[in-house]
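K.L.:
Build me a structure from this.
(one chain, ligands or ions: 2)
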Amino acid sequence: MKTVVDRPVPPAGAAADWTIPQQWGNYSAEQHATWDTLFARQAAMLPDRVDPAFMQGLEMLRLSKSGIPDFEELSRRLYQATKWTVVAVPGLVPDEVFFDHLANRRFVAGRFIRSPAQSDYLQEPDVFHDVFGHVPLLAHPVFADYMQAYGAGGLRSMQFGAIHKLARLYWYTVEFGLIRSGTAVRIFGAGIVSSYGESIYALDDPAPNRLAFDLKRVLRTKYRIDDYQRTYFVIDSFEDLLQQTLQRDFAPLYRELESMPDIEADAVLPSDRPARS
Ligand code: PHE
Ligand code: CO
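P.N.:
Ligands and ions are numbered 1, 2, ... in the order given. All right, here's what the predicted structure looks like:
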């Protein structure tokens, strides 16, 4: 008997690639105001904490303009900078769909915005996390190339049954990455940048581990989705991150990792290098 692998179908109203129209005109005044409130709080706190490329991206993309950004206008500016665009999707999309968009320089973003009561905690990524958190760095040429390479690498990881390993790289860089900045450490991951509490915690709290980025170590490390991270990895630069991942053939790495145990989210190993500061 032949088994047919189920291909998830997009929900009604979504295109075959799972995109939907943003319908920018449908946002209410209250929803635009929620964006403005979240924006003002983060924009005031971030300049000394975030990688300067993030602030440059905000500026270049005119994200400080009042209200939820219109993806068409945002995409025009972003395309001019790095040939990326932003497309709306109904929520989380299948891995293959997600990777394929990234590999083609399309960033998929939720179009809904959290309610004011959810300003500090949210399970599903909304338009504030996706656009404020992720899009500014997509205007940086090297980071933009890293994201595309990640998408292509994601598609490739499926052949090795290694999606969940590669997902850890996304998590510990794109979502929760730290970066060296002279003698200091700054944030760049979207999950931190879009969170008031974690923007402070990730840099200032003595509790979490801050380790020098180590690709193999990252691929083995579990992560928390329900609380602030127990471990952050500090990259030297976006150039270094791109070189370490793009140049390397992950296939032997995936094979090697099959016989190695996962590392707990809060573990520190004798071989770990703390991030210099
Ligand atoms: N070089 C990786 C591979 O061989 C692809 C990749 C690039 C993965 C960038 C992550 C980030 O699969
Ligand atoms: Co995100």
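K.L.:
wait, what's in contact with the residue in the stretch 1-150 of the chain that ligand 1 sits nearest to?
P.N.:
Closest residue of the stretch 1-150 of the chain to ligand 1, CB to the nearest ligand atom: Ala149 (3.6 Å). The way it works is simple: take the backbone N, C-alpha and C, and place the C-beta from them, glycine included. Residues near Ala149 by CB atoms under 8 Å, 6 or more residues apart in numbering: Leu242, Thr245, Leu246.
K.L.:
go with 10 Å
P.N.:
Under the criterion of CB atoms under 10 Å, 6 or more residues apart in numbering, the neighbours of Ala149 are Leu102, Ala103, Leu241, Leu242, Thr245, Leu246, Gln247.
K.L.:
Next one: it from Ile113, what distance?
P.N.:
Taking CB to CB, to the nearest Å as the measure, Ala149 falls 30 Å from Ile113.
K.L.:
Phe107 in helix, strand or coil?
P.N.:
strand (DSSP: H, G, I helix; E, B strand; the rest coil).
K.L.:
so who does it touch?
P.N.:
Phe107 makes contacts with 71, 74-75, 78, 84-87, 89, 98, 101, 130-131, 134-135, 138, 144, 147, 151, as judged by CB under 10 Å, 6+ apart.
K.L.:
The residue of the stretch 151-277 of the chain found nearest ligand 2 - how many residues pack around it?
P.N.:
Per CB to the ion, Ala190 is where the stretch 151-277 of the chain lies closest to ligand 2, at 4.6 Å. For Ala190, the count of nearby residues is 23 (other CB atoms under 10 Å).
K.L.:
which residue packs closest to it, ignoring adjacent ones?
P.N.:
Sequence neighbours aside, Gly133 is the residue nearest to Ala190 in space, at 3.1 Å (criterion: CB to CB, 6 or more residues apart in numbering).
K.L.:
Is it correct that that neighbour is in contact with Gly177?
P.N.:
No - applying CB atoms under 10 Å, one finds Gly133 not in contact with Gly177, separated by 11.7 Å.
K.L.:
In the stretch 51-200 of the chain, what residue lies closest to ligand 1?
P.N.:
For the stretch 51-200 of the chain and ligand 1, the shortest gap (CB to the nearest ligand atom) falls at Gly153, measuring 2.5 Å.
K.L.:
number of nearby residues for that residue?
P.N.:
21.
K.L.:
which ones are touching Phe143?
P.N.:
The contact partners of Phe143, by CB under 10 Å, 6+ apart, come to 51, 53-54, 57, 82, 136-137, 173-174, 188, 238-239, 241-242.
K.L.:
Which of those fall within helices?
P.N.:
Ala53, Phe54, Gly57, Thr82, Pro136, Leu137, Phe238, Glu239, Leu241, Leu242 (DSSP state H).
K.L.:
touching ligand 2 at all, the host helix or strand of Arg156?
P.N.:
Per DSSP states H and E: Arg156 is located in helix 141-157. No - using CB under 5 Å from the ion, helix 141-157 stays clear of ligand 2, with a minimum separation of 11.4 Å.
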